[in-house]
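Trainee: next input, structure requested:
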Amino acid sequence: MDRCGWAGPEKIYLDYHDTDWGVPEYDSRALWEKLVLDGFQAGLSWLTILKKRENFRAAFAGFEPDVVAQWGAEEVEGLLQNSGIIRHRGKIEATITNARVWQKLEARGGFDRFLWRYVDGTPVQNAWETLADVPAFTPLSTRISKDLKAEGFRFCGPTIVYAFMQAVGMVNDHLVGCHRHADVALMARK
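Mentor: This is a model prediction of the structure:
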């Protein structure tokens, strides 16, 4: 079975590629979770985050932004003691800040709509043939990053945002020879 070259060899990576990565996500809470996790990945491998994803979910109250937005110094200190997650003060504090920004955007019309408007609600269908063809960031991810930062988000640079866009299916970056490319393309809302 042909897959994107980054997938594997570990089963958790193969499963993520085959069932999750690139599938269009339209739920505001789930979008926030994935953006937070991509922020935690900065400087690390995605495999590290995948292996700790359930620990992150437990530590961050199921990634319920309305809960996390209420947290303060006490919760930050507790999270810094949690060996099941990435213990980075800046990323933990950014998650709390980003939850508050999520609330603002959600109240203003929806975090999902804020993000999906950049692609008119329909995933960009790329046709990359090799991993070398896939960019680390694009003018669009740079624009979204800038707009997120203007709203108050942190840990959302252009490279993080592009990885997020790939993960949530805003762009279909499965290689054209990958068995998931056509399936993911069919999942796009019209």
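
Trainee: any chance you could map the helices in the chain?
Mentor: Taking DSSP state H to define them, one finds helices in the chain at 11-19, 28-41, 46-59, 65-68, 73-80, 89-107, 111-116, 139-151, 158-167, 181-186.

Trainee: ok, how many other residues are close to Met165?
Mentor: The local packing of Met165 (other CB atoms under 10 Å) involves 26 other residues. Glycine gets a C-beta too; all of them are placed from N, C-alpha and C.

Trainee: name the nearest residue to it, ignoring sequence neighbours.
Mentor: Val171 (5.0 Å; CB to CB, 6 or more residues apart in numbering).

Trainee: how about Leu47?
Mentor: Excluding its sequence neighbours, the residue lying closest to Leu47 (CB to CB, 6+ apart) is Tyr13, at 5.9 Å.

Trainee: I'd guessed the one you found sits against Arg3; true?
Mentor: No. If you go by CB atoms under 8 Å, Tyr13 and Arg3 don't touch, sitting 9.6 Å apart.

Trainee: can you redo the helices of the chain as CSV with distance to Val124?
Mentor: Below are the helices of the chain laid out as CSV (distance: least, CB to CB, whole Å):
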stretch, distance to Val124
helix 11-19, 19
helix 28-41, 16
helix 46-59, 21
helix 65-68, 26
helix 73-80, 35
helix 89-107, 22
helix 111-116, 11
helix 139-151, 8
helix 158-167, 8
helix 181-186, 10
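
Trainee: can you put the ones you listed in JSON lines and add mean pLDDT?
Mentor: Converted to JSON lines, the helices of the chain look like this (pLDDT from 0 to 100):
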{"stretch": "helix 11-19", "mean pLDDT": "96"}
{"stretch": "helix 28-41", "mean pLDDT": "97"}
{"stretch": "helix 46-59", "mean pLDDT": "96"}
{"stretch": "helix 65-68", "mean pLDDT": "98"}
{"stretch": "helix 73-80", "mean pLDDT": "98"}
{"stretch": "helix 89-107", "mean pLDDT": "98"}
{"stretch": "helix 111-116", "mean pLDDT": "98"}
{"stretch": "helix 139-151", "mean pLDDT": "98"}
{"stretch": "helix 158-167", "mean pLDDT": "98"}
{"stretch": "helix 181-186", "mean pLDDT": "96"}
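
Trainee: and of these, who's closest to Pro123?
Mentor: Checking the helices of the chain against Pro123 by CB to CB gives helix 181-186 as the closest, at 7.8 Å.

Trainee: and that closest one, what does it pack onto?
Mentor: Secondary-structure packing of helix 181-186 (3 or more CB pairs under 8 Å, 6 or more residues apart in numbering; DSSP states H and E): strand 171-172.
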